[in-house]
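**Student:** Sequence plus predicted model, see below.
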Amino acid sequence: MIDRMQLGEVPGKHHVASRGPDGRLRWEECLTRQGFDGPYTILHHQHRPHEQVADDIHHGWTVPAAAPPAPASPPAFPALRKRHYRTRELAARGLPPIDARTPLLWNDDVVISVVTPGTADPVYFSNGDGDDLYFIAEGGGLLRTVLGDLRFGGEDYLCVPRGIVHRFLPDPIPQRWLSIEALGGLGLPKQFRNDVGQLRMDAPFNHRDFRRPEFQGPLDEGLRSLLVKRGGAFHGFRQPAPPLDVTGWDGTVWPFAVPILAFQTRVGQVHLPPTVHGTFAARGALICSFVPRPLDFHEDAVPCPYPHSSVDVDEVIFYQRGEFTSRKGVGPGSISLHPAGIPHGPHPGSYERSIGATATNEVAVMLDCFGPLRATEAARGVEDAGYEASFVG
């Protein structure tokens, strides 16, 4: 929810009759958040948008595995350890994006996955459980939605709000995406906005950084299958009319793409806390961007992150590229998990070697999660067994 957009043909008022050139009545659909009290977008359809027929056959496409559900009572957690997952060891299976997601870490607020698609989605998809934020570690393509098309590429963040009907058309190049499903919603941190909702002049990005959907009008791709995720399960439907029959829309709920390198991190005389890297706010999580930047400039500054006991959050870092000041043994596609309850910090020697450094070239995505994270079987299958011991000097 960046700002309001209006594309295509919309009437002068909400909830009034809108007709096409042939005189046929168009159908208004209100996509709302927080009941009817939050941000919303209003779409105008050529056909009734609510004519879905349950369809469990799925017509040859694979129903993806549901994200791990929250258990009725939390099971005993595994041993409290610093952990490292080598996600590039997860095989790319050439599946469409809807089937190519491998959940790795999860709690009641977020599901963190890796997506390795190889072909276009053969169905439309709507996530009724949460907002989807992707970091495109490798690849690119086209996000096709009821609100228009949106191109995305390497090192973009791509946000698909809850309830937006869409499908992915990846480019024919290797693809590897980090997926963060925000089950309680996703937005920009409130402190970046002024009283009228505009991004402040001292925010780490501005409205010009965000790429918006391009709207061409109604489109019929010949697809009538819709997959909806709700309650961690996937439900199939058939629609008698093309879902992309929108003639115009306006509102503040729409997908966007923004390059991680558009984020401008604050720099201080001494090392600033990770919150200065905060990029997106979700229920129970802060999503941060580490990008190339000058380092602290006090003559006695220690640029490397200091050891810290953040007893309220589990820290997750997805490593994209560059030299990671505080870590050794990690590389592109690595995910580290440092849980709350025990101090964590740099590897031996990193703290000392950082003194005198003037810049860093790392690119990474970090999450601070307030709910304890659980690992899936897939994550445990690519875990670096020696990571915990690597912190002993």
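**Tutor:** Okay, I see it.
**Student:** drop to CA atoms for contacts and neighbour counts, all remaining ones
**Tutor:** Will do.
**Student:** Can you tell me the closest non-neighbouring residue to E362?
**Tutor:** Of all residues not flanking E362 in the chain, G322 sits nearest, at 4.2 Å (CA to CA, 6 or more residues apart in numbering).
**Student:** Could you give the backbone dihedrals for the nearest residue to F297 once chain neighbours are set aside?
**Tutor:** Leaving aside its sequence neighbours, F297 sits nearest to Q269 (CA to CA, 6+ apart; 4.7 Å). Main-chain dihedrals, Q269, degrees, to the nearest 10: phi -60, psi -40.
**Student:** Over to Y124?
**Tutor:** phi -90, psi 150.
**Student:** what's the answer for T360, then?
**Tutor:** phi -130, psi 150.
**Student:** That one: neighbour count?
**Tutor:** Neighbour count for T360, taken as other CA atoms under 10 Å: 17.
**Student:** mind listing what the residue nearest to E362 touches?
**Tutor:** Shown in contact with G322 (CA atoms under 8 Å, 6 or more residues apart in numbering): 361-363.
**Student:** from the residues you listed, which single one is nearest I173?
**Tutor:** V363 (21.4 Å; CA to CA).
**Student:** Who are the contact partners of the closest one?
**Tutor:** Contacts of V363 (CA under 8 Å, 6+ apart): 289-292, 319-322.
**Student:** Any of the residues you listed buried? List them.
**Tutor:** Buried members of these, scored by 16 or more other CA atoms under 10 Å, are 289-292, 319-321.
**Student:** Let's see which of those end up in strands.
**Tutor:** In strands, judged by DSSP state E, the following of the buried ones among the contacts of V363 are found: 289-290, 319-321.
**Student:** Quick one: the strands in the stretch 1-150 of the chain, in order.
**Tutor:** Here the stretch 1-150 of the chain has its strands, by DSSP state E, counting those that start in this stretch, at 5-8, 27-32, 40-45, 53-54, 83-86, 101-106, 110-115, 124-127, 131-138, 141-145, 148-152.
**Student:** thought N194 was touching R200?
**Tutor:** Yes: at 5.6 Å, N194 counts as touching R200 under the criterion of CA atoms under 8 Å.
**Student:** hang on, the earlier thing: of the contacts of G322, just say which sits nearest to E89.
**Tutor:** Using CA to CA, these come closest to E89 at V363, 20.2 Å.
**Student:** Not counting sequence-adjacent ones, nearest residue to that closest one?
**Tutor:** Of all residues not flanking V363 in the chain, V291 sits nearest, at 4.7 Å (CA to CA, 6+ apart).
**Student:** For that neighbour, give me its contacts.
**Tutor:** V291 is in contact with 260-261, 263-265, 361-364, counting by CA under 8 Å, 6+ apart.
**Student:** chain center to the helix or strand containing E181, what's the gap?
**Tutor:** Per DSSP states H and E, E181 falls inside strand 176-182. Centroid displacement of strand 176-182 relative to its chain, using CA atoms, centre = their mean, to the nearest Å, is 5 Å.
**Student:** Moving along the chain from that strand, name the first helix or strand you hit.
**Tutor:** Following strand 176-182 in sequence, per DSSP H and E, is strand 186-187.
**Student:** Pairing partners for that following strand, with directions?
**Tutor:** Using DSSP bridges, strand 186-187 pairs in its sheet with strand 278-282 (antiparallel).
**Student:** does the residue most central in space within the chain have beta-bridge partners, and which?
**Tutor:** Nearest to the mean C-alpha position of the chain, counting by CA atoms, centre = their mean, stands L133 at 1.3 Å. Under DSSP bridges, the beta-bridge partners of L133 are C159, I180.
**Student:** Could you do R293 as well?
**Tutor:** Beta-bridge partners of R293, as defined by DSSP bridges: T360.
**Student:** Determine the number of other residues adjacent to the closest residue to V276 other than its chain neighbours.
**Tutor:** Spatial nearest neighbour of V276, chain neighbours left out: R266 (6.3 Å); criterion: CA to CA, 6+ apart. Counted with other CA under 10 Å, the neighbours of R266 add up to 14.
**Student:** Out of the contacts of V363, which is nearest to H338?
**Tutor:** In terms of CA to CA, no member of those lies closer to H338 than Y319, at 13.9 Å.
**Student:** what helix or strand does the closest residue to the closest one other than its chain neighbours sit in?
**Tutor:** Spatially, and ignoring its direct neighbours in sequence, Y319 is nearest to A364 (4.6 Å; CA to CA, 6+ apart). For A364, the element it lies in under DSSP H and E is strand 363-369.
**Student:** Tell me which other helices or strands whichever helix or strand comes after that strand touches.
**Tutor:** Once the chain leaves strand 363-369, the next helix or strand it forms, by DSSP H and E, is strand 374-375. For strand 374-375, the packing partners by 3 or more CA pairs under 8 Å, 6 or more residues apart in numbering; DSSP states H and E come out as strand 101-106.
**Student:** Please put the alpha-carbon coordinates of the strand it packs on into PDB.
**Tutor:** Output in PDB follows, covering the C-alpha atoms of strand 101-106 (Å, rounded to 0.1, in the frame of the first residue of the first chain):
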ATOM      1  CA  ARG A 101       7.700 -23.400  -3.300                       C
ATOM      2  CA  THR A 102       9.700 -25.200  -0.500                       C
ATOM      3  CA  PRO A 103       8.800 -23.900   3.000                       C
ATOM      4  CA  LEU A 104      11.900 -23.900   5.300                       C
ATOM      5  CA  LEU A 105      11.100 -21.800   8.400                       C
ATOM      6  CA  TRP A 106       7.700 -20.800   9.800                       C
END
